[in-house]
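Chemist: I would like the atomic coordinates for the input below:
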Amino acid sequence: MKSSSRPTNDQVDRAVALLNRPENLRRFFEQLTNENWLEPLRSRGFFAKELIPGRESLEGTRSFRFRPWPQSTYLLNVAAKAPKEVAEIIVDLAATENVWVEQDFLDAALHMPPHEAKLIARVAQSWLRSGIPSLVPEKAAKLVEMLVDEEPAAAFQLAEAFLSVWLPKVERKTDSKTGISFPIHLEARSFVDTWHYHRFLTAEFRSLVNKQAAEAVGLLAKVLKGVLKLEERCSNQRTDDYSWIWYESLEADSFVETSPRNALVAGLRDAIKVAATSGTNGQKAILDLLVFQGCTIFSRFYLYFLSRCPADQLNRVDEALRDSRLYGQTGLGPELRRLLRAAFGMIPAGTRAEVMKIIDRGPELSELSCLAQARNRLGTR
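Modeler: Numbers count the residues shown, from 1 in each chain. Next up is the predicted model:
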């Protein structure tokens, strides 16, 4: 079994004849480490999709289980020796929902060179959306980290699949006084469990941020905006997402693990901290991306980013602090104050004088009224 020589047809036939019992089949594939058996066994149909154990319902319950597949153990055993051949077989078997098999396939990818592993990363995206508790998210996260240096495109695609969300059925409620209809039970949920989702953003995703900060910020912004649209917090017609209520301070980590939305906000904030040191060209790309997103949370991130690198972006800082509309816009207060503290001593005297005039004028009373109404309305949901 451990020999590296190529088996003869007679040896293969004699081995196959003994595999009609489940215990023999399991023992054979668990102990086989010779990659030269791959093709003979494949040609005899041992890696057919139909052989992978399917979902088994447990009698008297609504639960189910999957049984391990010995062949996937063998593929893992020889993945480092025959990565191209193993990757081809795994891609052909990608339609499985057996989590034991998916875990073995991801472990096999982690033993391959990145060029072959990226093929498995592509098909693994659907495994992350099964919603079945397993170690698939943990192994997929490690694969993202492994691919980032040599196959960054595949790493980003797998990361996007990892961070994808879905929305339970949305019900609507109508306010009896105003007649305004609004959605309830609108928290988006991640396909992977909350713990793995949060861990990925605070651990393996950092490798993407360190490698390509602008692209990592762009991915998080894309996913976060998708979440806000799913939850009907932001649209082309309505840009105030009330983030100043559900995430009052960008520096806080409170309730980060309670929802994908909050975890994404914290992840984007941490990515911005790294990106702020990426040089002026990288900073420009990220600032351009944030300013065109439309939702309040991204306006906050725009100001937050400027506060992290004011000396590098003095023109944009000057432009932002001169914009009197920002001072009256609901929800921008914490980030605007942070930017003022970080940059006030750097901006020209004329800008400082203009800022003081804006502050002296104070907010419009209508803005304060709208703020109070919004807080009361959200508090009744």
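Chemist: stretch 58-73: which residues count as buried?
Modeler: For stretch 58-73, a neighbour-count test (16 or more other C-beta atoms under 10 Å) marks 66, 68-73 as buried. C-beta here means a position set from N, CA and C on the backbone, and glycine is covered the same way.
Chemist: and this structure, what are its domains?
Modeler: Dividing the chain into domains by automatic domain parsing, as the record does, gives the ranges 9-163, 183-191+201-379.
Chemist: for the ones you listed, which one sits closest to Thr174?
Modeler: domain 183-191+201-379 (10.7 Å; C-beta to C-beta).
Chemist: return the distance of that closest one from the chain's centre.
Modeler: Centroid separation between domain 183-191+201-379 and its chain, computed with C-alpha atoms, centre = their mean, to the nearest Å, is 19 Å.
Chemist: now swap in stretch 36-52 and tell me
Modeler: Chain-centre distance of stretch 36-52: 34 Å, with C-alpha atoms, centre = their mean.
Chemist: pLDDT of that stretch, averaged?
Modeler: Stretch 36-52 shows a mean pLDDT of 95 in the predicted model.
Chemist: what does that stretch rub up against?
Modeler: Residues outside stretch 36-52 that contact it (C-beta atoms under 8 Å, 6 or more residues apart in numbering) are 4-7, 9, 12, 16, 69, 71-72, 75, 78, 82, 85-86, 89, 92-93, 95-96, 98, 101.
Chemist: tell me the one among the buried residues of stretch 58-73 nearest to Arg261.
Modeler: Phe66 (31.4 Å).
Chemist: OK, contacts around that closest one?
Modeler: Going by C-beta under 8 Å, 6+ apart, Phe66 touches 53-56, 97-101.
Chemist: switch the cut-off to 6 Å
Modeler: For Phe66, the set of contacting residues under the criterion of C-beta atoms under 6 Å, 6 or more residues apart in numbering consists of 98-100.
Chemist: quick one: neighbours of Arg338, just the number.
Modeler: Residues within reach of Arg338, counting by other C-beta atoms under 10 Å, total 19.
Chemist: I figured it hits Ser307, correct?
Modeler: Yes. Using C-beta atoms under 6 Å, Arg338 is in contact with Ser307, at 4.6 Å.
Chemist: re earlier: relative to Lys173, which of the domains of the chain is closest?
Modeler: Set against Lys173 and scored by C-beta to C-beta, these come closest in domain 183-191+201-379, at 5.2 Å.
Chemist: quick check: the gap between Pro334 and Ser243.
Modeler: Distance, Pro334 to Ser243, using C-beta to C-beta, to the nearest Å: 11 Å.
Chemist: same question but for Glu251, I mixed them up
Modeler: 14 Å.
Chemist: so what touches the helix or strand where Leu219 lies?
Modeler: Per DSSP states H and E: Leu219 is located in helix 213-230. Residues outside helix 213-230 that contact it (C-beta under 6 Å, 6+ apart) are 160, 163, 165, 167, 188, 208-209, 234, 241, 261, 264, 267-268, 271, 274-275, 278, 282, 285-286, 289, 293, 295.
Chemist: how does it look with 8 Å?
Modeler: 152, 156, 159-160, 163-165, 167, 186, 188, 205, 208-209, 234-235, 241, 260-261, 264-265, 267-268, 271-272, 274-275, 278, 282, 285-286, 289-290, 293, 295, 297-298, 301.
Chemist: what comes up buried for that helix?
Modeler: With the criterion 16+ other C-beta under 10 Å, helix 213-230 contains buried residues 213-221, 223-230.
Chemist: give me the low-pLDDT residue ranges for the protein?
Modeler: Across the chain, residues meeting the criterion (pLDDT under 70) sit at 1-3, 170-171, 182-185, 234-238, 254-257, 363-381.
Chemist: gap between the residue nearest to Arg129 when sequence neighbours are not counted and Val274?
Modeler: Ranked by C-beta to C-beta, 6 or more residues apart in numbering and with sequence neighbours excluded, the top spatial neighbour of Arg129 is Phe191, at 4.5 Å. Using C-beta to C-beta, one obtains 26 Å as the distance from Phe191 to Val274.
Chemist: the two - which one has more neighbours?
Modeler: Regarding Phe191 and Val274, a neighbour count based on other C-beta under 10 Å identifies Phe191 as having more, with 19 against 15.
Chemist: contact partners of stretch 166-185?
Modeler: Taking contacts as C-beta under 8 Å, 6+ apart, the residues outside stretch 166-185 that touch it are 186-189, 191, 230-232, 377, 381.
Chemist: list the residues that contact Leu119.
Modeler: For Leu119, the residues meeting the contact criterion (C-beta under 8 Å, 6+ apart) are 87-88, 90-91.
Chemist: now do 10 Å
Modeler: Taking C-beta atoms under 10 Å, 6 or more residues apart in numbering as the criterion, Leu119 is in contact with 83-84, 87-88, 90-91, 94, 109, 112, 151, 154.
Chemist: what about it, helix or strand, and which?
Modeler: With DSSP H and E as the test, Leu119 turns up in helix 114-127.
Chemist: buried residues in that helix, which are they?
Modeler: Applying a neighbour-count criterion of 16+ other C-beta under 10 Å, the buried positions in helix 114-127 are 114, 116-121, 123-125, 127.
Chemist: for stretch 29-48, same thing?
Modeler: Within stretch 29-48, the residues that qualify as buried are 29, 32, 34-35, 37-38, 40-42, 46-47, counting by 16+ other C-beta under 10 Å.
Chemist: which non-adjacent residue is nearest the residue sitting nearest the centre point of the chain?
Modeler: Closest residue to the average C-alpha location of the chain: Leu163 at 2.4 Å, with C-alpha atoms, centre = their mean. In this structure, Leu163 finds its nearest non-sequential neighbour in Val223, 4.8 Å apart by C-beta to C-beta, 6+ apart.
Chemist: now the strands for this structure?
Modeler: Ranges of strands in the chain, per DSSP state E, are 56-57, 64-65, 165-166, 171-174, 181-184, 189-190.
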